[in-house]
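**Student:** Pasting the sequence and the predicted model now:
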Amino acid sequence: MQTLQYILSPKEAHEAEQKWRVVKRSVDARQRELKVHLTVLTDDEGKPIAKDAPIPLYTPPVFQDVHNVSRSAVIIGAGPAGLFAALTLIEHGIKPIIYERGKEVSERKKDIALLNRNEGLNPESNYCFGEGGAGTFSDGKLFSRSKKRGNMQRVMELFHFFGAPDTVLYEAHAHIGSDKLPTIIKNMRECILEHGGEIHFETKIESLKEVESQKSKAERQATPIILAIGHSAHDTYRMLAAEGVKLETKGFAMGVRAEHPQELINRLMYHLDEKKDRSAQRQKTASLKDKDTQLIQYVGNASYSLVTQVDGRGVYSFCMCPGGHIVPAGSSAGTCVVNGMSASHRNSPFANSGMVVQINPEDIPGDDPLRGLEYQEALEREAFKQGQAPLNPPIEGGRYTAPAQRLRDFVEGKASKDLPKCSYLPGIVPSRLDQWLPAEIGRRLQQGFRDFDKKYPGFLTNDAVIVGVESRSSSAVRIPRDPETLQSVSTPGLYPCGEGAGYAGGITSSALDGINAANKIAEMA
Ligand SMILES: Cc1cc2nc3c(=O)[nH]c(=O)nc-3n(C[C@H](O)[C@H](O)[C@H](O)COP(=O)(O)OP(=O)(O)OC[C@H]3O[C@@H](n4cnc5c(N)ncnc54)[C@H](O)[C@@H]3O)c2cc1C
């Protein structure tokens with residue numbers, strides 16, 4: 001494959017993308033003038049190839065018919081890890097049998113709509129549980145910090161095969177969007193069923209022995225179990241502990257979700273105010289507002305990635321959603337958990353991001369491997385209680401209004417008399433997060449926001465709001481596995497994988513972990 005690399009203005013890059021076959025794209029917003037790095041495919045004479053040319057190095061998957069094969073594997077959980085494991089098993093000629101506690105994606109949408117209208121939470125069908133897992137109603141960011149885990153390009157190719165846009169194959173920070181993801185997940189399900197896999201929705205596995213008893217006699221010894229439960233199934237972790245599966249505490253992160261007007265984030269990250277000064281001096285005729293709008297059209301709403309250290313702990317932005325919404329991402333009644341998502345165009349007027357503090361196992365007293373879960377749950381219950389304050393009497397397990405505070409008020413320790421507009425649909429209520437967040441989180445977040453404001457003056461503003469709590473950014477439990485066989489160290493034949501196993505964090509790394517588990521099973525003839 002021959003390529004040419006260009007560093008272009010956003011407008012030039014936009015024009016080039018309309019004409020040529022792009023194989024890599026990234027936006028560099030570090031300098032005053034934004035630059036787009038484009039790599040385009042060329043012919044033997046070095047001329048760029050037209051946009052509609054076939055995508056290079058793309059190997060479409062070949063799925064086998066597994067209706068009547070003798071080998072099968074059980075998969076618990078139909079999130080990215082479980083689905084990609086199932087597809088890979090089918091490529092190897094092994095029949096996947098999936099059990100998923102939640103509903104299929106179109107039914108799940110209805111429960112999510114009820115939750116957004118603040119009409120109650122279905123603990124088995126919500127932003128975390130159901131077909132596609134936690135990644136279905138998300139921003140759909142498809143990138144992973146780790147390059148070591150395996151063939152990330154394969155994950156992108158499978159997403160593309162099932163309907164994701166071409167950009168997932170070349171964009172440095174590709175994303176799909178929650179309007180597109182459900183169709184992609186449905187396409188994956190149809191492929192699994194068509195080739196002979198099984199999917200059992202609304203089937204929560206409450207005991208591994210139950211799975212064993214469902215196997216036929218012939219399968220009993222041979223059928224491996226891929227455990228792809230995600231990190232929100234606290235009840236399932238407790239079941240595994242009770243059944244003797246080895247679990248251990250791992251570090252995780254907790255905090256709040258911060259939401260700014262997207263326009264402000266665009267100004268800060270794309271240096272628009274600095275440009276305005278210079279442009280005004282030059283007295284350009286074009287309206288500055290129009291120029292800004294054009295720039296956003298070419299490169300999209302700005303995102304950010306922020307990190308600092310406070311008292312020996314990392315404080316960082318997590319899962320930033322430009323042009324997105326804050327969503328109620330809890331899975332049990334009486335708890336308040338928030339997260340973020342966006343549609344493919346990322347065009348809401350809000351920019352939200354998790355702002356979290358690293359928590360180490362030694363920060364939580366005791367030696368129970370599940371103590372991290374208790375710590376998360378305690379804060380989620382407190383957030384729920386704080387979010388109920390104006391509802392008198394509180395409605396048992398029913399309302400998901402979230403506690404919130406203006407950002408500068410939080411940092412300065414003041415009550416917010418009112419709150420700015422916020423994308424969180426169930427609604428937010430003023431609350432003293434500065435007072436009730438545990439000091440080890442609250443104090444570090446306050447300093448963290450001051451540090452971020454030094455880097456981007458204007459970030460720390462009362463036009464922004466923080467909403468509590470962002471407690472499920474990473475798994476608080478690891479299910480240790482043998483690095484060679486990928487099987488649980490305590491339970492042979494059990495393949496813990498994905499985010500819930502503590503070996504992945506995010507859609508792509510979980511999907512890849514599922515692929516790796518399936519490949520390992522295929523090797524064990
Ligand atoms: C709102 C939101 C936005 C996010 N945005 C992004 C993003 O933009 N980019 C990104 O990379 N990551 C994002 N994430 C994180 C990402 O979704 C997860 O990292 C990823 O989905 C983990 O994949 P998984 O397959 O390991 O687990 P999950 O996706 O959590 O799937 C686990 C599945 O197992 C099922 N299950 C659990 N227990 C049982 C049981 N006992 N029996 C049967 N089924 C069971 C669950 O119902 C669930 O469907 C987001 C998460 C949320 C909640």
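**Tutor:** Arrived safely. Residues are numbered from 1 along each chain as shown.
**Student:** now the stretch 151-300 of the chain, which segments are flagged as low pLDDT?
**Tutor:** By pLDDT under 70, the low-scoring segments of the stretch 151-300 of the chain are 213-222, 274-291.
**Student:** Please name the residues that touch the residue in it that the ligand sits nearest to.
**Tutor:** Nearest residue of the stretch 151-300 of the chain to the ligand: residue 230, at 2.0 Å (CB to the nearest ligand atom). C-betas here are computed from N, CA, C, even on glycine. By CB atoms under 8 Å, 6 or more residues apart in numbering, the contact set of residue 230 is 77, 79, 81, 128-129, 133-134, 498-500.
**Student:** show me which of the residues you listed neighbour the ligand.
**Tutor:** Applying CB under 6 Å from any ligand atom to these, one finds that 77, 79, 81, 128-129, 133-134, 498-500 fall near the ligand.
**Student:** Considering the residues you listed, which possesses the most neighbours?
**Tutor:** Neighbour tally across those (other CB atoms under 10 Å): the maximum, 37 neighbours, falls on residue 81.
**Student:** Surely that residue touches residue 504?
**Tutor:** Yes: Residue 81 is in contact with residue 504 according to CB atoms under 8 Å; the separation is 7.0 Å.
**Student:** which residues are common contacts for these two?
**Tutor:** By CB under 8 Å, 6+ apart, residue 81 and residue 504 have these common neighbours: 497-498, 510, 513.
**Student:** quick revisit: could you redo the contacts of residue 230 as JSON lines and give each row pLDDT, distance to residue 226 and secondary structure?
**Tutor:** Shown next, in JSON lines, are the contacts of residue 230 (pLDDT from 0 to 100; distance: CB to CB, whole Å; DSSP: H, G, I helix; E, B strand; the rest coil):
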{"residue": "77", "pLDDT": "98", "distance to residue 226": "8", "secondary structure": "coil"}
{"residue": "79", "pLDDT": "97", "distance to residue 226": "11", "secondary structure": "coil"}
{"residue": "81", "pLDDT": "98", "distance to residue 226": "8", "secondary structure": "helix"}
{"residue": "128", "pLDDT": "97", "distance to residue 226": "19", "secondary structure": "coil"}
{"residue": "129", "pLDDT": "98", "distance to residue 226": "17", "secondary structure": "coil"}
{"residue": "133", "pLDDT": "97", "distance to residue 226": "13", "secondary structure": "helix"}
{"residue": "134", "pLDDT": "95", "distance to residue 226": "17", "secondary structure": "helix"}
{"residue": "498", "pLDDT": "97", "distance to residue 226": "9", "secondary structure": "coil"}
{"residue": "499", "pLDDT": "96", "distance to residue 226": "14", "secondary structure": "helix"}
{"residue": "500", "pLDDT": "96", "distance to residue 226": "11", "secondary structure": "helix"}
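**Student:** Among those, which one sits closest to residue 92?
**Tutor:** Comparing the contacts of residue 230 against residue 92 with CB to CB places residue 81 closest, at 16.5 Å.
**Student:** check contacts around the closest one.
**Tutor:** By CB under 8 Å, 6+ apart, the contact list for residue 81 reads 133, 226, 228, 230, 497-500, 504, 510-511, 513-514, 517.
**Student:** about what we covered before: and the nearest residue to the residue of the stretch 151-300 of the chain closest to the ligand once chain neighbours are set aside, how far is that from residue 227?
**Tutor:** Nearest non-adjacent residue to residue 230, counting by CB to CB, 6 or more residues apart in numbering: residue 500, 4.6 Å away. Using CB to CB, to the nearest Å, residue 500 is found at 7 Å from residue 227.
**Student:** circling back to that earlier point, kindly present the contacts of residue 81 as a markdown table, with separate columns for distance to residue 140 and secondary structure.
**Tutor:** Below are the contacts of residue 81 laid out as a markdown table (distance: CB to CB, whole Å; DSSP: H, G, I helix; E, B strand; the rest coil):
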| residue | distance to residue 140 | secondary structure |
| --- | --- | --- |
| 133 | 12 | helix |
| 226 | 23 | strand |
| 228 | 18 | coil |
| 230 | 16 | coil |
| 497 | 20 | coil |
| 498 | 16 | coil |
| 499 | 15 | helix |
| 500 | 19 | helix |
| 504 | 16 | coil |
| 510 | 13 | helix |
| 511 | 12 | helix |
| 513 | 18 | helix |
| 514 | 17 | helix |
| 517 | 22 | helix |
